[in-house]
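J.: kindly generate the corresponding structure for this input.
(one chain, ligands or ions: 2)
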Amino acid sequence: MMVEAKLKRRSIIVKIAIAGAGAMGGRFGTMLAQTDNPVTFIDLWADHVQAINQHGLLVHTDNGDQRVHVPAYLPQNVPGTFDLIVLFTKAMGIADMLTALKPVITPQTHILELGNGIGNIETISRFVPKEQIIAGVTVWSAALNGPGEITMKGDGSVTLEALGSNEAPFFKQVVQVLTDAGLKPTASHDVLAAIWRKAALNSVLNTYCTILDCNIGEFGQLPDHDAMIDGVLGEFAAIAANQHVHFDAAGAKQLIIAQFPDDKNGLHYPSMHQDMAKGRKTEIDFLNGYIAKVGARENIPTPVNATLTALIHGQEKLKTLHSREAVTA
Ligand SMILES: NC(=O)C1=CN([C@@H]2O[C@H](COP(=O)(O)OP(=O)(O)OC[C@H]3O[C@@H](n4cnc5c(N)ncnc54)[C@H](OP(=O)(O)O)[C@@H]3O)[C@@H](O)[C@H]2O)C=CC1
Ligand SMILES: CC(C)(CO)C(=O)C(=O)O
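T.: Ligands and ions are numbered 1, 2, ... in the order given. You can find the predicted model right below:
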């Protein structure tokens with residue numbers, strides 16, 4: 001069934017670019033395009049950009065399929081400037097994307113970063129002052145099926161904070177735009193705590209689901225999931241205390257368990273699982289790998305996160321090796 005995107009009533013106009021228009025960029029662009037705020041996709045993947053421009057982005061949702069007609073550009077071809085750039089590259093792609101977008105980032109442009117991992121704010125701060133950064137996290141989910149095609153199902157929300165001030169009029173506009181798009185934003189006054197809680201969630205769900213080759217609901221049904229979660233979170237708590245970040249292990253566990261039902265993220269294969277399946281590099285070094293690295297540096301034992309990091313790196317290497325063998329066979 002083809003369902004046309006419905007236009008919702010306009011409240012304010014914010015010129016939006018989605019930089020990294022993969023699974024999550026596609027979801028946010030699709031939902032934001034249902035408001036009257038103009039949306040542009042920017043991506044480094046030429047086939048994806050071409051497919052979106054030729055046929056629209058094909059989006060599979062809980063309520064059927066849509067074709068979303070939003071213009072898409074390679075970073076070097078982007079016309080004009082934007083009020084808001086929503087960054088949805090992988091953590092390791094942030095610097096390349098912002099380097100490519102330098103010519104269109106003005107002192108009025110705000111960067112909204114909602115990707116997974118610890119350290120993204122520091123990377124973005126190399127390009128714009130903190131007053132131009134809005135940082136946060138999201139438990140919306142999506143999958144990139146191929147050029148010009150995504151799946152976005154289940155429910156989610158966004159937590160975000162302006163690194164300048166949550167009282168800034170532009171931040172309030174952004175919250176309103178996200179609300180109009182149905183993205184369920186909540187303004188936070190401790191976004192670092194939210195980022196660490198989400199990184200802990202990803203260090204459990206993304207990593208175990210990738211190693212075990214299962215979705216989030218299936219992980220929740222495993223008899224030993226409790227011990228597996230506690231092993232990761234205990235080390236997060238020790239490293240967070242060392243780094244003076246507020247971390248509530250019980251709250252993080254609750255958030256993880258809240259993802260298990262099918263109408264939340266139970267049917268979702270986490271983004272790390274999707275990366276591994278496609279033979280792409282994962283974000284492990286910004287998740288469990290970050291905890292293991294700080295642990296090693298500060299002399300705090302982090303054997304669970306170190307082992308999980310080594311397992312994911314091992315899987316990445318074997319994937320590359322096997323695909324090379326397949327080509328030469
Ligand atoms: N997927 C999810 O459900 C969720 C993801 N996140 C986070 O959001 C951020 C974005 O992740 P996500 O949207 O999943 O990432 P995707 O892999 O779907 O997209 C990221 C970018 O990777 C590139 N890319 C992906 N596949 C290919 C391919 N086969 N060939 C060439 N290029 C490709 C694309 O462009 P480019 O070349 O420009 O990189 C794309 O824009 C990450 O930090 C992730 O952890 C957060 C919550 C949920
Ligand atoms: C949707 C969710 C929360 C699942 O871990 C996620 O962040 C991801 O897939 O990377």
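J.: make it CA atoms for all contacts and neighbour counts henceforth
T.: Will do.
J.: from the rest of the structure, what touches stretch 156-168?
T.: The contact list for stretch 156-168, computed with CA atoms under 8 Å, 6 or more residues apart in numbering, reads 114, 130-141, 171-172, 183-191, 194, 264.
J.: now for the helix or strand harbouring Leu101, which elements pack on it?
T.: Here Leu101 is covered by helix 94-101, with elements defined by DSSP states H and E. Judged by 3 or more CA pairs under 8 Å, 6 or more residues apart in numbering; DSSP states H and E, the packing partners of helix 94-101 are helix 120-125.
J.: now do the contacts for Thr61.
T.: So Thr61 contacts 151-153 (CA under 8 Å, 6+ apart).
J.: now do Ile300
T.: Contacts of Ile300 by CA under 8 Å, 6+ apart are 238-239, 294.
J.: out of these, who's the most crowded?
T.: Ile239 (22 neighbours; other CA atoms under 10 Å).
J.: touching, that residue and Val294? I think so.
T.: Yes. With contact defined as CA atoms under 8 Å, Ile239 reaches Val294; the gap is 7.2 Å.
J.: sorry, back to before: so which of the contacts of stretch 156-168 also contact ligand 2?
T.: 139-141 (CA under 6 Å from any ligand atom).
J.: redo the residues you listed as a markdown table? Include distance to Leu308.
T.: Listed next are those as a markdown table, based on distance: CA to CA, whole Å:
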| residue | distance to Leu308 |
| --- | --- |
| Val139 | 22 |
| Trp140 | 24 |
| Ser141 | 23 |
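J.: picking that back up, hmm, which of the contacts of stretch 156-168 are the buried ones?
T.: 114, 130-141, 171, 183-185, 187-188, 191, 194, 264 (16 or more other CA atoms under 10 Å).
J.: strands - which of those residues land there?
T.: Of the buried ones among the contacts of stretch 156-168, the ones assigned to strands by DSSP state E are 133-138, 185, 187.
J.: between the residues you listed, which is closest to ligand 1?
T.: Closest approach to ligand 1 among those (CA to the nearest ligand atom): Thr138, at 5.6 Å.
J.: list the contacts for the closest one?
T.: Contacts of Thr138 (CA under 8 Å, 6+ apart): 114-115, 156-159.
J.: again, 10 Å this time
T.: 24, 113-116, 156-160, 183-185, 194-195, 198 (CA atoms under 10 Å, 6 or more residues apart in numbering).
J.: near ligand 1, which residues of the protein are found?
T.: So the chain meets ligand 1 at 20-25, 43-45, 88-91, 115-116, 138-144, 270-271 (CA under 6 Å from any ligand atom).
J.: point out where the stretch 151-300 of the chain drops to low pLDDT.
T.: Counting by pLDDT under 70, the stretch 151-300 of the chain has no low-confidence residues at all.
J.: which residues in it form helices?
T.: Assigned by DSSP state H, counting those that start in this stretch, the helices in the stretch 151-300 of the chain fall at 169-180, 191-212, 216-221, 225-242, 249-257, 271-277, 288-298.
J.: deepest in the core, which of those helices is it.
T.: Comparing these by mean neighbour count (mean count of other CA atoms under 10 Å), helix 191-212 comes out on top with a mean of 23.
J.: if anything else comes up later, I'll come back, but that's it for now.
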